[in-house]
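S.K.: output the structure for:
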Amino acid sequence: MRGQVVNQLTNLGTFSTHTVVPEIAAVRIDPNIPFAQAALLGCGVATGVGAAINTARVKPGSSVAVFGCGGVGLNCIQGSRLAGASTIIAVDLLDAKLELARRFGATHTINAASTDPVECIHDLTGGGAHYAFEAIGLAAEPFVQSIRCTRRRGTTIWVGHAPHDTPVTIDARDLINEKKVMGSLYGSSRSQVDFPHLLALYGEKNCSWTNWSAAVLPWTR
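M.R.: Next up is the predicted model:
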């Protein structure tokens, strides 16, 4: 209705052609980067890549399992690849998403509709993944599986934003092997720092992130 106040999602989301945003929310980008691709940074890319690089701090040569191959999960895979993980296992219920996961850097895929992902991940990694990411947020089971698929002292990052009042029940012994579980909000991202690095990678330019400058991010190419 005319004259009615329209709120912006998180002070940014809008369908208008122009808007006023806080200074901290504005990031200067290379004019040669297509705006359609650059716009993806502000949610799915930053959340997924950041979860791997900033929150989990995936180490080179490590093993990773990602539950859910939607926009955020695919970027958890990309982030793990950028960080140098040697084994990246994608888990989903749809083969089409698993095929896309391979394009984004997954070395192995598991269709959880027909295979026990926890057992399979333990077999592929020789005892469990070093890191696991839950990037679905719709049901309790993948949250639990993301803990049980890791090895001793493994790290699980919950990236998926479950609805309010979503109970997740784990056995007390699920953490007995010194496992760690933590949430990730927006990939622990610092937009003014992380966005220029990610855009440099997209533009195939030199990037200061050690060992990551040779990686190619598919995004929407």
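S.K.: rest of the way, CA atoms for contacts and neighbours
M.R.: Will do.
S.K.: so where's this structure uncertain?
M.R.: The model of the chain has pLDDT under 70 over residues 1, 8, 10-11, 13-14, 204-221.
S.K.: what pairs with the lengthiest strand in the chain, parallel or antiparallel?
M.R.: Ranked by number of residues, the top strand in the chain under DSSP state E is strand 150-158. Partners of strand 150-158 in the sheet, by DSSP bridges, are strand 129-134 (parallel), strand 180-183 (parallel).
S.K.: helix or strand right after the first one?
M.R.: Going back to what we said before, that points to strand 129-134. For strand 129-134, the following helix or strand on the C-terminal side (DSSP states H and E) is helix 140-148.
S.K.: which residues touch that next one?
M.R.: The contact list for helix 140-148 (C-alpha atoms under 8 Å, 6 or more residues apart in numbering) reads 65, 67, 117-118, 132-134, 136-137, 155-156, 158, 166-170, 174-175, 179, 181.
S.K.: next, count neighbours for Val5.
M.R.: 7 (other C-alpha atoms under 10 Å).
S.K.: quick one: the longest strand of the chain to chain centroid distance?
M.R.: How far strand 150-158 lies from its chain's middle: 15 Å, per C-alpha atoms, centre = their mean, to the nearest Å.
S.K.: list the buried ones in that strand?
M.R.: Thr150, Arg151, Arg152, Gly154, Thr155, Thr156, Ile157, Trp158 (16 or more other C-alpha atoms under 10 Å).
S.K.: mind picking the two most distant members of those residues?
M.R.: Based on C-alpha to C-alpha, the longest span within the buried residues of strand 150-158 runs between Arg152 and Trp158 and measures 17.8 Å.
S.K.: now the strands for this structure?
M.R.: Under DSSP E, the chain gives strands at 63-67, 87-92, 108-111, 129-134, 150-158, 180-183.
S.K.: how about these in CSV, adding distance to Val144?
M.R.: As requested, the strands of the chain are arranged in CSV below (distance: least, C-alpha to C-alpha, whole Å):
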stretch, distance to Val144
strand 63-67, 11
strand 87-92, 14
strand 108-111, 17
strand 129-134, 9
strand 150-158, 10
strand 180-183, 10
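S.K.: so which of the ones you listed comes closest to Ala25?
M.R.: The closest of the strands of the chain to Ala25 is strand 180-183. By C-alpha to C-alpha, the value is 22.7 Å.
S.K.: pull the residues that contact the closest one.
M.R.: Under C-alpha under 8 Å, 6+ apart, the answer for strand 180-183 is Ile147, Arg153, Gly154, Thr155, Thr156, Ile157, Trp158, Val159.
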